[in-house]
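Enquirer: predicted model follows, preceded by the sequence.
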Amino acid sequence: MRKLPFLNGIKAFEATARAGSFVRAAEELHVTPAAVSRMVHILEDRLGVPLFERKANRLTPTVAGGAYQAGLTPLFDQLASLTAQVTAMAGRRVLTVGVGPTFAMRWLIPRLADFQRSDPDIEVRFATGGAAAPFNEDWTCGIRLGDGHWPGLAAERLFAADLAPVCSPAIANGLKKPQDLAKVPLLRVAHALDDWPRWFAAVGMAKVPAKGPMFEYYGQALQAAADGAGVAIGIRPYVDDDVRAGRLMVPFARSVPKGTQWYLIYRDFREQEPGFAVFRRWILGMARVHDQ
C-alpha cells in the first residue's frame, strides 16, 4: 500500500520555496498566506524536519528544504504536462494561444474572423503575457520570434522577420535617401535596441546613432509612426497590413533580416488535439499565403 505524505502541505511548500514567500505562494494557490504557512508547518511536523529558516521578511530553505524542492518541482511540472495530455484526449475544442500583444493586435486578431469561419465551434483564447514569457503548460500553442530551437517544444516556421524603416506618408515625402533619417526622430523599442543599428550597418551608416522616443512594444512605436511622430523600424508581419492600406510607407527599398524568424511552437502531444489540428493547418496556410 502506497503511503503518501501530506499532499496539501507539499503543494504549499513547493509553491513557497519557488516563489520565496508565503504571500506570493498564496496568490498562486488562491488561499490566504496564513493558510499556506499553516500547511507548511503541518508538513514540517509530519516530516520531523524544518524546511525553512524563518527570518525577518525572508524565508530561506534549509538544506533539507532545498533538496525537497529540487525534487518536487520537476514532479509538479510532469504532473501538469500529464494532465494537459489527458485533457487533450478528451477532444476539447478550446484553443489557448500564447502570443505577444503586438503580434496578436497587428496580425492574428485581424484574421481571427477567417479562422472562425473555417471552424466556428472552436473557442479561441489569447494569453498575451509577452513574446518572451516562458511557455505555459496551459497554452495549446505559442507564436514566438526565435531561432527555431526551444527544448521540449516542436517549432514550425511561419514568417521571415525582416526589418525596414516605416513612417507616415507625410514624413516619407521628405526622405529621399537613408541619410535623411538624421533629420527626423527615430522611434525605438526597448527590447529591440539592436534593430536600428542592424539596419544602419546594412546601408553603410554603422556610426549613426538612433535617437528618439522609446516604447515598450513594437505596436506602440508603429502607431506613433503612423501618427507622424517619427520613423520606426518595421518588422514583418507587423507592418504588412498597414503598408498595403497606405497607413504606413516604406521609404527605402532595403530591408534586412532581424536574425530570427517567427515560429508556431507546441508540445508534440497537442498535434492530434482537434482544436489545435484545425488551427495549425489554418495558420500554416495563412503564413504561406502571407509570405508569397
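Expert: Structure's in. What do you need? Given the structure is predicted, the values throughout are model-derived calculations rather than measurements.
Enquirer: mind splitting this protein into its structural domains?
Expert: As given by automatic domain parsing, the domain ranges for the chain are 7-89, 94-292.
Enquirer: winner for burial among these?
Expert: domain 94-292 (a mean of 17; mean count of other C-beta atoms under 10 Å). For every residue, glycine as well, the C-beta is placed using N, CA and C.
Enquirer: with mean pLDDT as added columns, please give the domains of the chain in TSV.
Expert: As requested, the domains of the chain are arranged in TSV below (pLDDT from 0 to 100):
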stretch	mean pLDDT
domain 7-89	86
domain 94-292	89
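Enquirer: relative to A84, how far out is S21?
Expert: Here the distance between S21 and A84 works out to 28 Å (C-beta to C-beta, to the nearest Å).
Enquirer: likewise V243?
Expert: Looking at V243 against A84, where the rule is C-beta to C-beta, the gap reads 39 Å.
Enquirer: do Y263 as well
Expert: For Y263, the distance to A84 (C-beta to C-beta) stands at 20 Å.
Enquirer: also L186?
Expert: Distance of L186 to A84, given as C-beta to C-beta: 44 Å.
Enquirer: next one: H41
Expert: From H41 to A84 the distance is 32 Å (C-beta to C-beta).
Enquirer: how about T60?
Expert: Applying C-beta to C-beta, the value for T60 to A84 is 33 Å.
Enquirer: and the helices in the stretch 101-250 of the chain, which stretches?
Expert: 101-103, 112-118, 169-172, 195-202, 218-226, 240-245 (DSSP state H, counting those that start in this stretch).
Enquirer: what's the longest helix along the chain packed up against?
Expert: For the chain, the helix that runs over the most residues, judged by DSSP state H, is helix 63-89. Packing partners of helix 63-89 (3 or more C-beta pairs under 8 Å, 6 or more residues apart in numbering; DSSP states H and E): helix 7-19.
Enquirer: chain center to the helix it packs on: distance?
Expert: 26 Å (C-alpha atoms, centre = their mean, to the nearest Å).
Enquirer: so what does it touch, helix or strand wise?
Expert: helix 22-29, helix 33-47, helix 63-89.
Enquirer: send the alpha carbons of that helix over as PDB?
Expert: Output of helix 7-19 as PDB, limited to C-alpha atoms (Å, rounded to 0.1, in the frame of the first residue of the first chain):
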ATOM      1  CA  LEU A   7      -0.200  16.500  -0.200                       C
ATOM      2  CA  ASN A   8      -1.700  19.900   0.600                       C
ATOM      3  CA  GLY A   9       1.400  20.700   2.600                       C
ATOM      4  CA  ILE A  10       3.700  19.600  -0.100                       C
ATOM      5  CA  LYS A  11       1.900  21.800  -2.600                       C
ATOM      6  CA  ALA A  12       2.100  24.700  -0.300                       C
ATOM      7  CA  PHE A  13       5.800  24.100   0.500                       C
ATOM      8  CA  GLU A  14       6.800  23.800  -3.200                       C
ATOM      9  CA  ALA A  15       5.000  27.000  -4.200                       C
ATOM     10  CA  THR A  16       6.500  28.800  -1.200                       C
ATOM     11  CA  ALA A  17      10.000  27.600  -2.000                       C
ATOM     12  CA  ARG A  18       9.700  28.500  -5.600                       C
ATOM     13  CA  ALA A  19       8.000  31.900  -5.000                       C
END
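Enquirer: alright, that wraps it up for me.
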